[in-house]
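[1] Provided below are the primary sequence and the corresponding predicted coordinates.
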Amino acid sequence: MSGIPATARGLGLGLMLAAALAALAATVAPGVAAAARSRASLTEIENDVMCVACHESLAVAQSPEAFSERDFIRGLISQGLDKQQIENQLVANYGPAVLGKPPATGFNLLVYVVPPVLLALGIAALMVTLPRWRRRSRLAAESRLAVGPPLDPDDARRLDEDLARQL
């Protein structure tokens, strides 16, 4: 290495060090980002769970049980659990009534399936009945224009004479 100037050796060493740091940052950064993303917050969880005593959202509940639930959640957050793990712990302690949204299994699945099906049926019913209603109203309007039988030829002649005098 004696033939390489000291500045070139320092530059090469600096580049290798920079490359090693960049490689280290590339491997550590996704893990740090995932940890930051998965970290739950109290306000995020409060909006999704209920107070089991007063049956209100935990975000607005003011009962002693609500304060107890919040303390329990804070303890789980301090343990580093993510949102799903905390919700699982809440269900284990308080039962499924603690969840703001029922799980999409069994009978609860109807909550997620029935409204869209009813909406689709309503739209289909309107698509069938609206053209019929419009057709009926058009026919009714046309039938109102034709008022009675045609005029007798003598009556038609007299009407023409009367109209001619008024002009």
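    On my side now, so go ahead. If you're wondering where the values come from, they're calculated on a predicted model, not measured in any experiment.

[2] tell me the mean pLDDT for the biggest helix by length in the chain?
    Longest helix of the chain, by residue count under DSSP state H: helix 109-145. Averaged over helix 109-145, pLDDT sits at 90.

[3] and if you look at stretch 52-66?
    The pLDDT scores in stretch 52-66 average 91.

[4] what does stretch 82-91 give?
    92.

[5] next, the buried residues of that stretch.
    Asp82, Lys83, Ile86, Glu87, Gln89, Leu90 (16 or more other C-beta atoms under 10 Å). For the C-beta atoms, the positions are set from N, CA and C on the backbone; glycine is no exception.

[6] for the helix or strand containing the fifth one, packing partners?
    Assigned by DSSP states H and E, Gln89 belongs to helix 83-94. Judged by 3 or more C-beta pairs under 8 Å, 6 or more residues apart in numbering; DSSP states H and E, helix 83-94 is in contact with helix 42-46, helix 64-78.

[7] list the contacts of stretch 159-167.
    Defining contact as C-beta atoms under 8 Å, 6 or more residues apart in numbering, one finds that stretch 159-167 is touched by Leu151.

[8] off-centre distance for it?
    71 Å (C-alpha atoms, centre = their mean, to the nearest Å).

[9] with just CA atoms, put that stretch into PDB.
    Extracted C-alpha coordinates of stretch 159-167, given in PDB (Å, rounded to 0.1, in the frame of the first residue of the first chain):
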ATOM      1  CA  LEU A 159    -116.900  26.200 -35.200                       C
ATOM      2  CA  ASP A 160    -114.900  27.200 -38.300                       C
ATOM      3  CA  GLU A 161    -117.400  30.000 -39.000                       C
ATOM      4  CA  ASP A 162    -117.200  31.200 -35.400                       C
ATOM      5  CA  LEU A 163    -113.500  31.200 -35.400                       C
ATOM      6  CA  ALA A 164    -113.300  33.100 -38.700                       C
ATOM      7  CA  ARG A 165    -115.600  35.800 -37.400                       C
ATOM      8  CA  GLN A 166    -113.400  36.400 -34.300                       C
ATOM      9  CA  LEU A 167    -110.300  36.900 -36.400                       C
END
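
[10] what mean pLDDT does it have?
    89.

[11] can you list the domains in this structure?
    Using automatic domain parsing, the domain ranges for the chain come out as 8-38, 42-101, 104-142.
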